[in-house]
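Visitor: Provided below for reference: sequence and predicted model.
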Amino acid sequence: MPRRPPAAGASGRRWKPPAGCWRCSGGRDRRARPRDQGALTRPDQDGDANLGRPMHDHSPPSAGTALDRFIEAAIEGQAVWTVAGEEGLARVPSPTAPGRMVTLLWSEPGAAERLGSAAALRPRLKRLSLADLHLEVLPRLAALGRLVGPDRGPGGSECELEPADLALRLRQAAVARFVRAACRGQAVWVLYGAEGPACLVSRSRPGAQVLPCWHARAHAEARIAGPLADCLASAVPLAAFRERMLVQLARSGRLVAPGYCEGEGAVELAPADLAARLGGAAPAEASAA
């Protein structure tokens with residue numbers, strides 16, 4: 001059994017797995033578990049993120065840039081902000097969809113506190129992690145028939161979209177961000193257990209496993225909880241990840257989840273697909289995946 005990688009210290013040294021080392025941690029079901037979000041309850045959801053599914057929003061074309069900034073900030077900070085009051089999260093009537101309410105989210109806590117106070121009774125600032133959004137908040141808003149208004153300004157919100165569409169945009173942006181940052185930093189962060197890289201149970205392929213990975217140490221360490229509680233984050237050089245780790249994933253029929261976050265719709269890719277996005281040749285064995 002390969003030894004567990006040492007915890008990353010102040011030296012910043014990166015641990016490299018020994019040559020030929022590849023075993024996903026145990027055979028346990030490491031499916032991400034929902035987190036307790038108080039009064040919010042998770043409605044039944046099915047289906048995975050479909051990268052080709054059309055978007056449905058209620059925004060003019062000019063709102064696209066603001067929405068892109070909101071999503072980039074959410075991915076980088078791994079959270080968004082809102083204001084909660086006596087009747088739940090801050091919301092206002094939609095100016096574009098009569099009869100529907102818009103729940104307000106912001107990418108900055110200062111904007112949320114300053115602009116959200118008028119939309120809630122006894123307001124208090126509330127941080128929502130991306131896991132909170134995907135597991136609880138967005139599914140609940142969809143079940144209630146509400147829209148989402150990202151980064152609403154003092155003059156009213158130009159951007160309104162369906163909760164499912166925001167979730168899909170966040171998933172797509174996380175993958176794109178992973179590819180850009182991994183290529184720039186020449187490293188990928190993976191969680192290791194006692195027996196090697198830690199895998200989860202795939203949501204898109206019954207009986208398969210999926211390797212979650214991230215472009216930043218902080219994003220990887222944020223997932224050390226629940227089924228991944230005993231793991232340590234370690235950086236893998238991009239060349240080794242692309243040329244060895246993805247090859248081993250393909251040989252074993254596993255998938256890979258770049259920029260992984262809990263909840264339905266997590267993007268799971270074939271190793272060949274991710275290798276191509278990272279600028280390398282697809283693993284020769286990737287057809288098995």
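Guide: The structure has been received and is ready for your questions.
Visitor: most centrally placed residue in the chain?
Guide: With distances taken as CA atoms, centre = their mean, the residue of the chain nearest its centroid is C261 (3.3 Å).
Visitor: Only alpha carbons, please: show stretch 139-159 as PDB.
Guide: Only the C-alpha atoms of stretch 139-159 are listed here, as PDB (Å, rounded to 0.1, in the frame of the first residue of the first chain):
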ATOM      1  CA  PRO A 139     -33.000  23.500  -6.300                       C
ATOM      2  CA  ARG A 140     -35.300  25.000  -3.600                       C
ATOM      3  CA  LEU A 141     -35.700  28.200  -5.600                       C
ATOM      4  CA  ALA A 142     -36.600  26.200  -8.700                       C
ATOM      5  CA  ALA A 143     -39.200  24.200  -6.800                       C
ATOM      6  CA  LEU A 144     -40.700  27.500  -5.600                       C
ATOM      7  CA  GLY A 145     -40.800  28.900  -9.100                       C
ATOM      8  CA  ARG A 146     -38.500  31.800  -8.400                       C
ATOM      9  CA  LEU A 147     -35.900  33.600 -10.600                       C
ATOM     10  CA  VAL A 148     -32.400  34.600  -9.500                       C
ATOM     11  CA  GLY A 149     -31.100  38.100  -9.800                       C
ATOM     12  CA  PRO A 150     -27.300  38.200  -9.600                       C
ATOM     13  CA  ASP A 151     -25.600  41.500  -8.600                       C
ATOM     14  CA  ARG A 152     -28.700  43.600  -8.500                       C
ATOM     15  CA  GLY A 153     -27.800  47.300  -8.700                       C
ATOM     16  CA  PRO A 154     -29.400  50.300  -7.000                       C
ATOM     17  CA  GLY A 155     -31.500  51.100 -10.100                       C
ATOM     18  CA  GLY A 156     -33.000  47.600 -10.300                       C
ATOM     19  CA  SER A 157     -31.800  44.300 -11.800                       C
ATOM     20  CA  GLU A 158     -31.200  43.900 -15.500                       C
ATOM     21  CA  CYS A 159     -30.300  40.300 -15.100                       C
END
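Visitor: Buried ones in it, by neighbour count?
Guide: Within stretch 139-159, the residues that count as buried by 16 or more other CB atoms under 10 Å are 139-142, 146-152, 157-159. Just so you know, the C-beta spots here come from the backbone N, C-alpha and C atoms, and that holds for glycine as well.
Visitor: Single out whichever of those has the smallest pLDDT.
Guide: Here the lowest pLDDT out of these sits on S157, with 54.
Visitor: returning to what we had before: taking the buried residues of stretch 139-159 one by one, which sit in helices?
Guide: P139, R140, L141, A142 (DSSP state H).
Visitor: Need those in JSON lines (columns: distance to G116).
Guide: Output for these, formatted as JSON lines (distance: CB to CB, whole Å):
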{"residue": "P139", "distance to G116": "22"}
{"residue": "R140", "distance to G116": "18"}
{"residue": "L141", "distance to G116": "16"}
{"residue": "A142", "distance to G116": "21"}
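Visitor: Just give me the closest of those to F241.
Guide: P139 (32.1 Å; CB to CB).
Visitor: shouldn't the closest one be in contact with G265?
Guide: No: P139 is beyond contact range of G265, at 9.8 Å (criterion: CB atoms under 8 Å).
Visitor: Let me see the contact set for the nearest residue to T103 once chain neighbours are set aside.
Guide: Nearest residue to T103, sequence neighbours excluded (CB to CB, 6 or more residues apart in numbering): R91, at 4.7 Å. If a contact means CB atoms under 8 Å, 6 or more residues apart in numbering, then R91 has M101, V102, T103, L104, A119, R146 as its contacts.
Visitor: Per-residue pLDDT of the fifth one, please?
Guide: We have a pLDDT of 75 for A119.
Visitor: do the same with the second one
Guide: Model confidence at V102, expressed as pLDDT, equals 94.
Visitor: which strand residues sit across from it in the sheet?
Guide: In this entry, V102 is beta-bridged to V92, L147, by DSSP bridges.
Visitor: Okay, it and S117: tell me how far apart.
Guide: V102 sits 16 Å away from S117, taking CB to CB, to the nearest Å as the criterion.
Visitor: Compare the two (neighbour count), which wins?
Guide: Between V102 and S117, V102 has the larger neighbour count (other CB atoms under 10 Å), namely 26 against 16.
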